[in-house]
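A.B. asks: sequence plus predicted model, see below.
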Amino acid sequence: MKLQLPHLRAPFVVRLWICLGTVLLVFIACQSVNRTVLMVPQTKGAEFVGSEDCMLCHEDLGRNFLTTNHARLVVSDETGFELGCEACHGPGGLHSMEGGGSHLIHNPGRNPATCLQCHMEVQAQFSLPHSHPVADGQLSCVDCHDPHGDEEKELFAEGILARESGSCAECHPTQAGPFVFEHEAMRDGCTTCHETHGSTNDKMLKVRNANLCLQCHFTEKRQNMLLIGGIDHTGFNFIQQGTCWTAGCHEAVHGSHVNGSLRF
Amino acid sequence: MKIACIHPLSWFTLAAGLVMAVPVSAVDFYTSDTEEPEPKPNEISFRFNAPSIDEDDNAAQVAETLGIEDANQIGLQRFYYANDPDSDWRFIMDGRWLVQPEEIYLSVDVFKPESFYVNIDFQHWIDYDYGAGIYYPPTNTFAVLDPDLLSKKISKFKLTLRAIPGDSVEWDFGYSFFNRDGMSVSTIFGDDYQYVLGRTQSRGIIPALNDIKETVNTLELGVKSEDGITRSGARVFFQRRESERTRSVERAAQQPSRNRFTTDEQSSKDDLFGLSGYVRRELTDTLSGSVGASFTTLDGEVSGSRIFGSGPGASYDLEFAALQIDDRGFLDLDGMRKLKQWIFNANLVYEPEGNWRWTTGVRLERLDSEAFNSYLDTVYQIDWGDQRYERQEAVMSSENSKNSTDLSGFFEIRYKGFSKAMLYSRVEGATQEGSLDETWDRREVVPDDESMENLLSRATEFDRLRGTWETGVNYYPWTRVRLSLEGYLKYRKYDFGYEKLIMSPNDETRYPGYIENQTFYTRDVNARLHVKILPSLKSVTRIDLQDSSIDTQDRLHPEIESSDRERVVFNQSLTWTPHPRFFITAAYHLVDDMTKTPAPDIEGTFSGILVNLPNDYWQADLNLYCVISKLIDLELGYHYLEMSNYIDNSPLTVPYGSDLEQHQALAAVILHFGQFTVARIGYNYYQQTDAASAGLRDYDIHMITSSLQVQF
């Protein structure tokens, strides 16, 4: 760690004053204040009421929720009482009592903190230099994921590219194709090559160097040549020129209209 | 005077104590004797942040990494207003309007419960993109780019109208708009090292600018009906996707005698039309079923060109001198693409009396697509006899026709018979069969008018098999302990059979033509443990172990393991709330990630060119919040990130990865000027060092932050 901090060397009397001051601060605070601190997804003054109470008004959401992955968190015993709707939305007592009120319930759609309490690895990914702007607030988890289970989308089986890459194409239509010369990897979706939450690599790629491509397009040494896809990549020092997509050779990695080798 | 010797810190301590001890008469405080008020529903808050980015710092890097521009940030951080919940007509508005960085969010809901609903959502922000590549040590090269070129404006708009004319029918109309417009930057290592008549070139870092304009307009109309037992719905939608992308690359920026630009312009316009419907019915008290179907078409066109010239945006110039072999472009791209997709879906949910839930479903999909392009191929080759470049032009056409049928199904069972545990297991399977016919023809017209040459003619019969099995348990033995265990296996096997294959010797790279079959495996186990170690101390631990591999067989060789990826993810957080007015959270994240291929094991001439590169990083966070007095809260935070996957392979090829450290620290004082007025004054510090960029991506930023929030 290279963080350079000013060197602190306080004399004893100063350290003593700091200690006494701190004790004084805590004492005064404890005696004079009743304001509480709330952590997401708590709501001031609210208590847990259980998911059945939520169903009284949000029947549609509850019905679809039953078959989602998140519904696997629910058990019948009181040890799991808080893990229905209120696991993400926080205690709903006040919201239920008032018959609504968005200020009385937490909305993870606006603040992903609740999601990230369990999906901790995703929180770390959003903090990487190459990531979707969820930490900055421009996107939220629900832009790509539907935690309640969308009955209509499921039953409509809707539209082209309905699988994994469907939500990506909403904001990245150019990469959706189709192309005359398609990249086979696109059939399996964007996550074949991209860490969609965030990555250590530019473009949120899973691997920074040519190994990304060589996982499928493996190399073969023949005599004094290094072949990739049956083509010598050493003749003009191609292989030394950088990664496949930054060497100026295979720029159309999502598919090409004009070139069978996905050059452009 | 003895008092004069007291350290200034002591004065600060005394002053702070006085602030807390002496009530400010102008402020309407609640105290330990009064009830803490409920929050008000409405809110308006303002933000003013003043960053200090030194001239030597990398403002573009700061913008991409942190979204902070080198200018004061000011604006309306949030405005929220909702009218009386008991009103017949409800009005709710939520918005944000920041000038620096430019960001707007507005959501307006107007509705009459159970009758009519209107929603408008608008969002606009700037996405910064600073793909400046990497520092190249041998030539001391780093692409320094103009920050003004590095942003894209993104806008999203959605209008939803919903009418509920009766007890059981609901109509929806929606219009949405998405737009991305701007410039992004990436780098390439140039076409150096390629053969140039008479000599080879050195390598260099080359900026590549992408000018992007993408829009998506969507109209949709839906209707739903429900009578308590049966629910049904239908929807029709129309979507137009338009894309214009221009990629300009200065091919040999450090070599004036060889430098030229490529300008690759490609546009597309696609119209999608979709029609779908579903029925869902409670068949018995314990059994419900649903069926759905959809039909989608895509009708699109593409156009474009790729031109070499003396500058970006140059026109095709017959007189432009060739500077390198195989400088290939194209003109007058004119293409079309069509697609039709049919999907049928059916599901059953069975909940017998007791503790089981069985869910199963099948999905059948048919996809037919075709695409055709024509264009003029332009390329410089070498006339070896005359030792000079020769310009070639050829009329090209390419055609693709594909169809596939997918059949997939799943079966999931959940058992909740143990009162403190939920067990589940799910199996998914999918098959795909299809055919792909491709042709690619070339007829040279310059310098010679030759007959048509077939570059590729191939008929592929492919089939795919996919399977996933996941199983897990969520077990909460006590209120203070929650354990989740899960594991899954994924298996995919793809086979490509070629009934007809004619390929030009120079075009053997056509994939999947070279690959006969591939098998993908993923094995994953993960666990999450919530423990309340003390009533005030909560621990969350998550561990994920994953191993993925790919077995590949090409046309000439036996099957090999072409990839093996091992990934370990460990996360730990601790939250300590010893007092209702105080909490500390700490978190640690570690990722150990390595992808290996056989390439680095190659010995001899090519040894060391290709390397296995880790994607490791770790992070630590510490946050503290404390209510100090009636007036003052204190917030402290610190975040650390370290990525150390840099490998300087520049003697053989190029360097990869990052050797990066980031520190972020914040200290803020929150001032409660009354029950519903809160001000926040803080200081943020950001530091980045990246040894891989030789300091050219380093930054130190100091930022004073402030906001004022009023609830009403």
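C.D. replies: In hand now; what should we look at? Numbering: from 1, shown residues only, chains lettered A, B, ... in the order given.

A.B. asks: residues in contact with residue 102?
C.D. replies: Going with chain A. Contacts of residue A:102 were listed using CB atoms under 8 Å, 6 or more residues apart in numbering or on different chains, and they are B:41, B:82, B:92. C-beta: built from backbone N, CA, C; applies to glycine.

A.B. asks: can you look at chain B instead?
C.D. replies: Contacts of residue B:102 by CB under 8 Å, 6+ apart are B:124-126, B:153.

A.B. asks: repeat the analysis, applying 6 Å as the threshold.
C.D. replies: Residues in contact with residue B:102 (CB atoms under 6 Å, 6 or more residues apart in numbering or on different chains) are residue B:126.

A.B. asks: separation between it and chain A?
C.D. replies: Separation of residue B:102 from chain A (CB to the nearest CB, to the nearest Å): 11 Å.

A.B. asks: same question, residue B:581
C.D. replies: The spacing between residue B:581 and chain A, counted by CB to the nearest CB, is 6 Å.

A.B. asks: find the residue closest to that residue in space, skipping its chain neighbours.
C.D. replies: residue B:627 (3.6 Å; CB to CB, 6 or more residues apart in numbering or on different chains).

A.B. asks: residue B:658 now?
C.D. replies: residue B:643 is the one closest to residue B:658 (CB to CB, 6+ apart), at 4.7 Å.

A.B. asks: reformat the contacts of residue A:102 as CSV; add neighbour count, secondary structure and pLDDT.
C.D. replies: Shown next, in CSV, are the contacts of residue A:102 (neighbours: other CB atoms under 10 Å in any protein chain shown; DSSP: H, G, I helix; E, B strand; the rest coil; pLDDT from 0 to 100):
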residue, neighbour count, secondary structure, pLDDT
B:41, 19, coil, 83
B:82, 19, strand, 91
B:92, 18, strand, 93
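
A.B. asks: which among the residues you listed gets closest to chain A?
C.D. replies: residue B:41 (4.5 Å; CB to the nearest CB).

A.B. asks: number of residues surrounding the nearest residue to that closest one once chain neighbours are set aside?
C.D. replies: Leaving aside its chain neighbours, residue B:41 sits nearest to residue A:103 (4.5 Å; criterion: CB to CB, 6+ apart). Look at residue A:103: counted by other CB atoms under 10 Å in any protein chain shown, it has 20 neighbours.

A.B. asks: next one: residue B:578
C.D. replies: Neighbours of residue B:578 using other CB under 10 Å come to 12.

A.B. asks: need the contact list for it.
C.D. replies: Going by CB under 6 Å, 6+ apart, residue B:578 touches residue B:536.

A.B. asks: and it, which helix or strand is it part of?
C.D. replies: Here residue B:578 sits within strand B:560-579, counting by DSSP states H and E.

A.B. asks: name the helices or strands packed onto the next helix or strand after that strand?
C.D. replies: As assigned by DSSP H and E, the chain's next helix or strand after strand B:560-579 is strand B:582-596. Applying 3 or more CB pairs under 6 Å, 6 or more residues apart in numbering or on different chains; DSSP states H and E, one finds that strand B:582-596 contacts strand B:560-579, strand B:617-627.

A.B. asks: who touches the shortest one?
C.D. replies: Here strand B:617-627 makes contact (CB under 6 Å, 6+ apart) with A:33, A:35, A:37, A:124, A:127, A:200, B:581-591, B:633-643.

A.B. asks: anything in stretch A:71-86 near chain B?
C.D. replies: Yes: counting by CB under 6 Å from any CB of the partner chain, chain B is contacted by stretch A:71-86 at A:72-73, A:75-77, A:79-80.

A.B. asks: got the end-to-end distance for that stretch?
C.D. replies: 12 Å (CA to CA, to the nearest Å).

A.B. asks: also stretch B:572-592?
C.D. replies: In terms of CA to CA, the two terminal residues of stretch B:572-592 are separated by 15 Å.

A.B. asks: and that stretch, what's buried?
C.D. replies: By neighbour count on 16 or more other CB atoms under 10 Å in any protein chain shown, the buried set for stretch B:572-592 is B:572-577, B:581-585, B:587-591.

A.B. asks: also stretch B:623-638?
C.D. replies: Those would be B:623-635, B:637-638, for stretch B:623-638 by 16+ other CB under 10 Å.

A.B. asks: one step back: with the residues of stretch A:71-86 next to chain B in mind, which one is nearest to residue A:142?
C.D. replies: Nearest to residue A:142 among the residues of stretch A:71-86 next to chain B, counting by CB to CB, is residue A:73 at 17.7 Å.

A.B. asks: any chance of the helices and strands packed on strand B:582-596 in TSV, with mean pLDDT too?
C.D. replies: Shown next, in TSV, are the helices and strands packed on strand B:582-596 (pLDDT from 0 to 100):
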stretch	mean pLDDT
strand B:560-579	94
strand B:617-627	95
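
A.B. asks: export the ones you listed to a markdown table and tack on distance to residue B:216?
C.D. replies: Listed next are the helices and strands packed on strand B:582-596 as a markdown table, based on distance: least, CB to CB, whole Å:
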| stretch | distance to residue B:216 |
| --- | --- |
| strand B:560-579 | 34 |
| strand B:617-627 | 34 |
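
A.B. asks: ok so, going back, who does the residue nearest to residue B:581 bridge with?
C.D. replies: Note on residue B:627: beta-bridge partners by DSSP bridges are residue B:633.

A.B. asks: of all of chain A, which residue lies closest to chain B?
C.D. replies: Ranking the residues of chain A by distance to chain B (CB to the nearest CB) places residue A:21 first, at 3.0 Å.

A.B. asks: surely that residue is within a helix?
C.D. replies: Yes: under DSSP: H, G, I helix; E, B strand; the rest coil, residue A:21 falls within a helix.

A.B. asks: how much space separates residue A:43 from residue A:102?
C.D. replies: 11 Å (CB to CB, to the nearest Å).

A.B. asks: quick revisit: out of the buried residues of stretch B:572-592, what pair is the most spread apart?
C.D. replies: Farthest pair in the buried residues of stretch B:572-592 (CB to CB) is B:581 and B:591. Separation: 35.1 Å.

A.B. asks: flag every residue of the stretch 601-712 of chain B that's near chain A.
C.D. replies: Residues of the stretch 601-712 of chain B lying near chain A (CB under 6 Å from any CB): B:602, B:606, B:609, B:613, B:615, B:617, B:619, B:625, B:627-630, B:643, B:653-654, B:656-657, B:663, B:689.

A.B. asks: for residue B:67, give me its contacts.
C.D. replies: Shown in contact with residue B:67 (CB under 6 Å, 6+ apart): residue A:136.
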